[in-house]
Every structure is written in C-alpha cells, then in structure tokens.
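# How does the following fold in three dimensions:
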Amino acid sequence: SPLIVLTYWNPIYAKDWESKPFPTNDVARQEFVNYVKFTVSHFAKQVRYWEVWNEPNYVEPAKDYLPLLKMLYPAIHQISPGATVISCGGAGAGGGPGGGYIIPILNAKGVSYQDGFSIHPYTAPYDPDNGYPAKGSPVPAVNIPLTWDYLGSIIKANSRPDGRKLELWVTEMGWPSGADKTSAVDELHQAAYLARAF
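Got it, this is the predicted structure:
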C-alpha cells in the first residue's frame with residue numbers, strides 16, 4: 001500500500017507563503033488544503049496513507065505545523081473516511097538533536113488531528129544499538145532501543161479521544177554508503193545495520 005507525502009510548495013502560491021517555505025498564514029494554508037483535497041480525491045481509491053510534510057524541522061511545531069494539521073485532518077477524512085493521516089513528517093526522533101517534534105504538538109492538544117506520527121531514526125555512521133549521544137534529551141542517546149521505548153511511552157500517555165492509540169511510523173531510515181567517511185559506511189555494515197534495526 002503506497003504512502004503519499006503531502007509536502008512542499010508551488011511557486012504559483014509562493015507570494016502568499018511569507019519568508020518560510022511552509023504555509024504559515026491562513027491564505028497559504030487554505031491554498032495547501034486545496035492542493036491536498038485535490039490529491040486525496042484523485043488517489044482515494046488507491047491510497048489510504050497520507051503523511052503531512054517531510055521533515056518540517058524549520059518551522060515551529062505548535063505555532064506553524066499544528067494549525068495546518070488542524071485544517072488537513074478533517075479535510076482528508078471527509079474525502080476518505082478510512083484514511084490514515086500521519087503527522088510530523090519524520091521530524092525529531094526522540095529529543096535532543098532533531099528535537100522531539102511530536103511533544104509540543106501533543107502538549108497543544110494536537111492528538112485529535114492525527115492517526116499517527118512518523119520518525120526518521122537515522123544514526124549514521126553509528127550502529128542502531130548505540131547511536132549517538134543526545135545532550136539535553138529525555139533519552140541519553142538516539143538509538144533504536146532507547147528511542148523506541150521513549151516514543152512508546154509518549155503513545156501510552158497520549159490516547160486519542162476515540163480511544164485509538166497513535167501509530168508510530170518509520171518513514172525513512174538507512175545508512176549511506178560512499179566516500180564521505182563522516183557519515184558513510186561500507187555496504188556490509190549498511191546491510192547489517194538495516195537488518196539489525198528491523
């Protein structure tokens with residue numbers, strides 16, 4: 001089943017998007033909602049999984065991202081009642097580096113406007129068991145075991161009003177190979193880390 005990411009901007013509407021490449025005002029949000037309605041209507045028979053934006057780390061979760069989510073969630077479900085709407089677009093894997101993007105959204109009563117949220121738990125070039133240190137984070141390191149348990153506790157503490165649990169989606173993950181030794185690993189480690197992460 002395909003997952004479509006509803007994301008980025010159209011130059012036709014760029015004049016309404018202020019200084020950020022994200023819809024942060026009512027006019028720009030409505031333009032984006034119009035695009036989403038068209039897209040969901042067009043693909044409703046083939047697609048039921050929709051992710052809102054890709055890594056919106058450069059905008060404020062509660063101030064900028066949540067107002068868009070509040071408009072999109074009912075619009076998508078009105079067209080496709082069985083749809084799954086995924087928030088965060090992979091932003092923030094567990095606090096510290098990357099930030100815990102889901103936390104401010106939930107603190108601002110945003111649990112009702114999503115069926116789940118996504119993360120991109122990259123730890124390259126480190127292995128998935130140890131990851132990298134996360135100073136100032138609720139977990140001492142960003143790695144699969146600690147981050148997974150931490151995000152599981154967030155899900156338990158934030159039930160939706162209808163009683164359903166939020167879903168946790170991993171929509172990007174991997175280890176690059178190549179010449180950049182600061183982030184790349186060889187193909188053997190790439191394969192082993194991916195298998196171990198799963």
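# Following element in sequence after the lengthiest helix in the chain, please.
When the chain is parsed with DSSP state H, its longest helix is helix 26-43. Toward the C-terminus, helix 26-43 is succeeded by strand 49-52 as the next helix or strand (DSSP states H and E).
# Alpha carbons of the next helix or strand after that following strand, as CSV, please.
Downstream of strand 49-52, the first helix or strand assigned by DSSP H and E is helix 66-79. The C-alpha coordinates for helix 66-79 follow below in CSV (Å, rounded to 0.1, in the frame of the first residue of the first chain):
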residue,chain,number,x,y,z
LEU,A,66,-0.3,22.2,14.1
PRO,A,67,-2.6,24.9,12.5
LEU,A,68,-2.1,23.3,9.1
LEU,A,69,-2.7,19.8,10.6
LYS,A,70,-6.0,21.0,12.1
MET,A,71,-7.2,22.0,8.7
LEU,A,72,-5.9,19.0,6.8
TYR,A,73,-7.0,16.2,9.1
PRO,A,74,-10.8,16.8,8.8
ALA,A,75,-10.5,17.7,5.1
ILE,A,76,-8.7,14.3,4.3
HIS,A,77,-11.2,12.3,6.4
GLN,A,78,-14.2,14.0,4.8
ILE,A,79,-13.0,12.8,1.4
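# List the buried residues of helix 66-79.
Of the residues in helix 66-79, those with enough neighbours to count as buried (16 or more other C-beta atoms under 10 Å) are Leu66, Pro67, Leu68, Leu69, Lys70, Met71, Leu72, Tyr73, Ala75, Ile76, His77, Ile79. Every C-beta, even on glycine, is put in place using the N, C-alpha and C of the backbone.
# What mean pLDDT does it get?
Rounded to a whole number, the mean pLDDT of helix 66-79 is 98.
# quick one: contacts of it?
Where contact means C-beta atoms under 8 Å, 6 or more residues apart in numbering, the residues beyond helix 66-79 that reach it are 6, 22-23, 29-30, 32-33, 36-37, 40-41, 44, 50, 52-53, 83, 85, 87, 105, 108, 110, 112-114.
# Buried among those? Need that as a selection in PyMOL.
Per 16+ other C-beta under 10 Å, the buried members of these correspond to this PyMOL selection:
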select buried, resi 6+22+23+29+32+33+36+40+50+52+53+83+85+87+105+108+110+113+114
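# Could you measure from Thr7 over to Gly82?
Plainly put, Thr7 is 22 Å away from Gly82 if you go by C-beta to C-beta, to the nearest Å.
# between the two, who's got more neighbours?
Neighbours were counted for Thr7 and for Gly82 using other C-beta atoms under 10 Å; Thr7 has more, 14 against 7.
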